[in-house]
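> Quick one, structure for this:
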Amino acid sequence: MAQPKAAAARAAAVPMPGADIAAELDGLAATAPPARPPMVVIGHRGMGMNALASPDARLRGDVRENTLRSFNAAAGHPGVAYVEFDVQVTKDGCPVIFHDNFIYTEHEGEISGRRVTELRLDEFLSYGPQRKGHHGTAAGKKPLLRKLKDGRIVRWDVRREDALCTLSEALESVDRRVGFNVELKFDDGLAYADEELAAALRAVLDVVSAERAGGDRPIVFSSFHPDAARLLREMQGEYPVYFLTNGGTQTYADERRNSLEEAVRLCAAAGLQGVVSEVRAVLRHPEAVAMIKMEAKLALMTYGQLNNVPEVVYVQHLMGVDGVIVDLVREIADAVSAFTAVQESSAGSVDEDGVNKGDQAAALQAATAAAARTPSFSPREMSFLLRLIPELVQ
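This next block holds a predicted model:
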C-alpha cells in the first residue's frame, strides 16, 4: 500500500541503527538507578476505562469503570499494586467516584445531562444500576448514557454492571491489599478560586482520614489542576501528591500544564512528590526521565493508550519509569510480572564458584517461562525501538 506523503516523510526521517548502538543502550541504562524496584502497575479506573467508541472490544470495558466491582476485580490480580480513580465532590459535600464532568440519562426519548458537582449525593447515586439497600434510590434507576469526544451521546452498556459509588464506600469495601491513586477532578472549562478548590479538597481529606483510622492502605493523590495539587500539598503532609500532565501533547492556557519541564518546576515550587505524564511525552523526550528522577528526585508514572502495549511498557521499565496506569490490566500486569521475574532470576544469589544457589532447576524453569512472555530484543533492536517510538508518537 502506498504511504501518504506525510507518513512517507516521517518514515524516511526515522534514524536507522548505527555502529554505536550497544554503547548508546548502555548509556541509557546508566541514566537510571542501578537497582530499580519493580515497576508498579496501576489499574485505570479499576479494570480499565470504558472506551465505548474503541474498535478494540477489550478497551470498551468488560466491567463498569470506577465501581467497587471494577476495583476489586483489579485487586484480584497479584501484579496490580494500585487502582486509579477520579473523585469529584457533590453539591452537598460528598466525594464520589466518577470521571466525566457531566452525567447523562434518557427519559421517554429525551436526553438530559447534569454537572456532577451540581448534584446532591442521592441524585448522583440514582443514575445507573442500583445496589440493594443503596441510599440513593429514591428517584429510581436512571439509565446511564455517555457523551463521547465526537459529541455523540450513546448508551453506556458493559457486560458486568455495578452501581456508582462514593469515596467512602471504596475505602471501606475494596481489598486493602491495593493502594489508591486518587485523581482529584476539576473541570478544565471552569475557573476556580483557591477557596473553592480548598473546600473540595478538605471534603476528600476528611473522608480519607476518617476511613483510614486503623488502616494501612497506601494512598497517593494526583491532579491535572496545578493549584489543586499545590493546595493539597499545603493542607497535609501524610499523603504524596503528584502532578498530572499531558507533557505538551495538548496545549492549555495555563503554561504549567504544557511541558514536562513546567511540571518539574511546579513540583519543586509546591513540594510535590511526583509527576504523572501522558506516556507519549516521555517517549518523545526520553532524556526527561533522568531530569525528573535523578535531578529533581521525583517519582515518575505514565498514563495513556500506549501503556496497553507490553513492548512500550518494557521500554519504560528500561528507562526507569516507576509505574504505569493501564486499561488492559491483566495483560500488562502479566507482562510486567514476567520481565520482573526474569530480572530477579538473573540477579539471583551465587556462591563462591559463581553458581546460583537454591533449586536451580526450578528457578531455570520459572525464568524460561517468564522469558517466553517477555518482550525480547537485542541491543540493536532495542536501540532502534527507542529511536522509532518518538517518531511514531508525534
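> okay, and for the stretch 201-350 of the chain, where does confidence drop off?
Scanning the stretch 201-350 of the chain for pLDDT under 70 picks out the ranges 213-214, 343-350.
> List the contacts of the helix or strand containing residue 71.
Remark: residue 71 resides in helix 68-75, with elements defined by DSSP states H and E. With contact meaning C-beta atoms under 8 Å, 6 or more residues apart in numbering, helix 68-75 is reached by 43, 45-48, 63-64, 80, 83, 85, 160-163, 165, 169-170, 173-175, 177-178, 329. Placement of C-beta: from N, CA and C, glycine included.
> If burial is judged by neighbour count, which of the residues you listed pass?
Buried members of those, scored by 16 or more other C-beta atoms under 10 Å, are 43, 45-48, 63-64, 80, 83, 85, 162-163, 165, 169-170, 174, 178, 329.
> Need the CA coordinates for stretch 166-184. PDB is fine.
Output of stretch 166-184 as PDB, limited to C-alpha atoms (Å, rounded to 0.1, in the frame of the first residue of the first chain):
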ATOM      1  CA  THR A 166     -18.600   7.100  46.900                       C
ATOM      2  CA  LEU A 167     -15.100   7.500  48.000                       C
ATOM      3  CA  SER A 168     -16.100   6.300  51.500                       C
ATOM      4  CA  GLU A 169     -17.500   3.100  50.100                       C
ATOM      5  CA  ALA A 170     -14.300   2.400  48.100                       C
ATOM      6  CA  LEU A 171     -12.200   2.900  51.200                       C
ATOM      7  CA  GLU A 172     -14.400   0.600  53.200                       C
ATOM      8  CA  SER A 173     -15.100  -2.100  50.600                       C
ATOM      9  CA  VAL A 174     -12.100  -2.500  48.300                       C
ATOM     10  CA  ASP A 175      -9.500  -5.100  49.100                       C
ATOM     11  CA  ARG A 176      -6.900  -3.300  51.300                       C
ATOM     12  CA  ARG A 177      -4.100  -5.100  49.500                       C
ATOM     13  CA  VAL A 178      -4.200  -2.500  46.800                       C
ATOM     14  CA  GLY A 179      -3.400   1.200  47.100                       C
ATOM     15  CA  PHE A 180      -5.500   4.000  45.800                       C
ATOM     16  CA  ASN A 181      -4.300   6.600  43.300                       C
ATOM     17  CA  VAL A 182      -6.900   9.300  43.800                       C
ATOM     18  CA  GLU A 183      -7.200  11.800  41.000                       C
ATOM     19  CA  LEU A 184      -8.900  15.000  42.100                       C
END
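> what does the average pLDDT come to for that stretch?
Mean pLDDT, stretch 166-184: 97.
> Phi, psi for residue 330 please.
Note on residue 330: its backbone torsions stand at phi -60, psi -50 [degrees, to the nearest 10].
> Residue 78 is in contact with that one, correct?
No. Checked against C-beta atoms under 8 Å, the pair residue 330 and residue 78 is beyond contact range at 11.0 Å.
> correct me, but residue 232 touches residue 184?
Yes. Contact criterion C-beta under 8 Å: residue 232 and residue 184 qualify, at 7.0 Å.
> Between those two, which contacts overlap?
201, 221, 223.
> Please, where are all the helices along the stretch 51-200 of the chain?
Here the stretch 51-200 of the chain has its helices, by DSSP state H, counting those that start in this stretch, at 57-60, 68-75, 121-125, 167-173, 194-211.
> For the longest one, which outside residues touch it?
Counting by C-beta under 8 Å, 6+ apart, helix 194-211 makes contact with 87-89, 93-95, 166-168, 171-172, 182, 184, 186, 219, 225, 227-228, 231-232, 235-236, 239, all of which sit outside it.
> run the last query once more with 7 Å
With C-beta atoms under 7 Å, 6 or more residues apart in numbering as the test, helix 194-211 has contacts from 87, 89, 93, 95, 167-168, 171-172, 184, 219, 227-228, 231-232, 235-236.
> Give me the phi and psi for residue 292.
Per degrees, to the nearest 10, the backbone of residue 292 is at phi -70, psi -50.
> measure it to residue 276 for me?
Counting by C-beta to C-beta, to the nearest Å, the gap from residue 292 to residue 276 is 11 Å.
> Residue 158 too?
Applying C-beta to C-beta to residue 158 and residue 276 gives a distance of 26 Å.
> Look at those two and report which has more neighbours.
Neighbours were counted for residue 158 and for residue 276 using other C-beta atoms under 10 Å; residue 276 has more, 26 against 19.
> contacting residues for that one?
By C-beta under 7 Å, 6+ apart, the contact set of residue 276 is 222, 242, 244, 301, 302, 303.
> please redo it, this time with the cut-off set to 8 Å
Residues in contact with residue 276, defined by C-beta under 8 Å, 6+ apart, are 222, 242, 243, 244, 245, 300, 301, 302, 303, 325.
> Now the element after whichever strand or helix holds residue 288, going C-ward?
Element membership of residue 288 [criterion: DSSP H and E] is helix 287-290. Along the chain past helix 287-290, the next helix or strand (assigned with DSSP H and E) turns out to be strand 299-303.
> Could you please name the strands that following strand pairs with and the direction of each pair?
Applying DSSP bridges, strand 299-303 is found paired with strand 274-278 (parallel), strand 323-326 (parallel).
> Quick check: beta-bridge partners of the residue positioned nearest the centre of the chain?
Taking C-alpha atoms, centre = their mean, the centroid of the chain lies closest to residue 325, which sits 2.6 Å from it. Counting by DSSP bridges, residue 325 forms beta bridges with residue 42.
> Just confirm it contacts residue 181, I think it does.
Yes. The criterion here is C-beta under 8 Å, and residue 325 meets it with residue 181 at 7.3 Å.
> so what's in contact with these two at the same time?
With C-beta under 8 Å, 6+ apart, residue 325 and residue 181 have common neighbours 42, 84.
> May I see the buried residues of the longest strand seen in the chain?
Ordering each strand of the chain by length in residues (DSSP state E) puts strand 82-89 first. By neighbour count on 16+ other C-beta under 10 Å, the buried set for strand 82-89 is 82, 83, 84, 85, 86, 87, 88, 89.
> Let's test this: mean pLDDT of it, rounded?
Strand 82-89 carries an average pLDDT of 99.
> partner strands of it, parallel or antiparallel?
strand 40-44 (parallel), strand 95-97 (antiparallel), strand 179-184 (parallel).
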